[in-house]
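Participant: Any chance you could fold what I've pasted below:
(one chain, ligands or ions: 1)
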Amino acid sequence: SRESLIKAEKMQGLYHLAAAFGHEIRQPLTISKGMLQLLTEGKWPADKQQEFLLASIAEINRAEKIIKNYQIFAEPYPSKTERFDLVNEIQQVINLIEPITDMTNIQIQSNLSAAWINGDKAKVEQCLIHICTNAMEAMESGGRLTIRSKNINGKSVIEISDTGIGMTKKQITRLGEPFFSLTDQKGTGLGMMVVFRIVESMGGKLEIDSEVGKGTNVKIIFTENDSDQGLDSIINPIHKAGKD
Ligand code: ADP
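Facilitator: Numbers count the residues shown, from 1 in each chain. Sure, this is the predicted structure:
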């Protein structure tokens with residue numbers, strides 16, 4: 001029946017999430033534990049002890065960040081919906097990433113005009129930071145990060161593009177699935193999954209264009225009148241489609 005199908009889908013999602021979480025959180029904890037175990041041996045000079053301690057803290061910080069990412073799923077939607085202009089949020093994100101781009105030979109360009117949306121500021125900012133981080137990671141030997149915002153026909157559009165390594169068609173379609181990461185051990189593909197969920201929860205959608213060796217363009221489109229559609233549309237998209 002439709003109902004048991006929905007339930008099965010939900011359970012699948014839960015299994016995925018639990019497995020991905022376990023997989024992701026284990027590594028930093030294992031490293032941190034290893035560092036602390038080394039310290040108990042008591043034969044290390046002071047500078048080595050300091051090094052192990054700092055490394056252990058860094059890994060715990062990483063674990064903390066992973067947990068925070070997962071908590072987004074547990075938070076009740078809508079969280080804090082308000083009407084705001086994305087330009088301010090984009091500017092904040094640019095300020096935040098500027099120091100990093102200086103070090104990595106990445107140029108930032110922006111072309112921002114008013115783009116009002118209804119949504120959760122903090123979550124939108126988190127999405128923008130994640131997309132920009134991905135873009136910067138795709139440009140290890142430098143490049144150009146361009147951020148644009150505008151409003152056309154009642155739609156607020158943000159575009160973030162990079163001149164990085166790009167992705168194949170297949171890689172694009174798999175983006176947002178847990179366990180998908182092109183860069184070996186670095187992630188589990190959860191970042192974009194979170195981005196997709198957040199944008200969808202605010203009635204927006206994502207369009208990704210990319211070409212291998214050329215770069216990637218991520219477009220977020222918000223329809224101004226759409227407000228937060230609530231938890232149901234996030235955990236239960238099938239059900240919603242059935243009602244429409
Ligand atoms: P994570 O970065 O944690 O692995 P994401 O869901 O953010 O998870 O991204 C999944 C993978 O998709 C990344 O590891 C990267 O290989 C690829 N990717 C994402 N954005 C870009 C981009 N702008 N250019 C090239 N590859 C990208």
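Participant: For the chain, which segments count as helices?
Facilitator: Using DSSP state H, the helices of the chain run over residues 2-40, 46-74, 86-103, 121-137, 169-174, 190-201, 231-235, 237-243.
Participant: Format the ones you listed as JSON lines; extra columns: distance to the ligand.
Facilitator: Backbone N, C-alpha and C define where each C-beta goes, glycine included. Output for the helices of the chain, formatted as JSON lines (distance: least, CB to the nearest ligand atom, whole Å):
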{"stretch": "helix 2-40", "distance to the ligand": "9"}
{"stretch": "helix 46-74", "distance to the ligand": "9"}
{"stretch": "helix 86-103", "distance to the ligand": "14"}
{"stretch": "helix 121-137", "distance to the ligand": "3"}
{"stretch": "helix 169-174", "distance to the ligand": "7"}
{"stretch": "helix 190-201", "distance to the ligand": "3"}
{"stretch": "helix 231-235", "distance to the ligand": "17"}
{"stretch": "helix 237-243", "distance to the ligand": "19"}
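Participant: Confidence-wise, which of the ones you listed is weakest overall?
Facilitator: With a mean of 36, helix 237-243 has the lowest mean pLDDT of the helices of the chain.
Participant: looking at the helices of the chain, which is closest to residue 151?
Facilitator: For the helices of the chain, the distance to residue 151 is smallest for helix 86-103, at 9.4 Å, taking CB to CB.
Participant: angle of the closest one against helix 121-137?
Facilitator: Calculated by axes from the mean of the first three to the mean of the last three CA atoms, to 10 degrees, helix 86-103 forms an angle of 30 degrees with helix 121-137.
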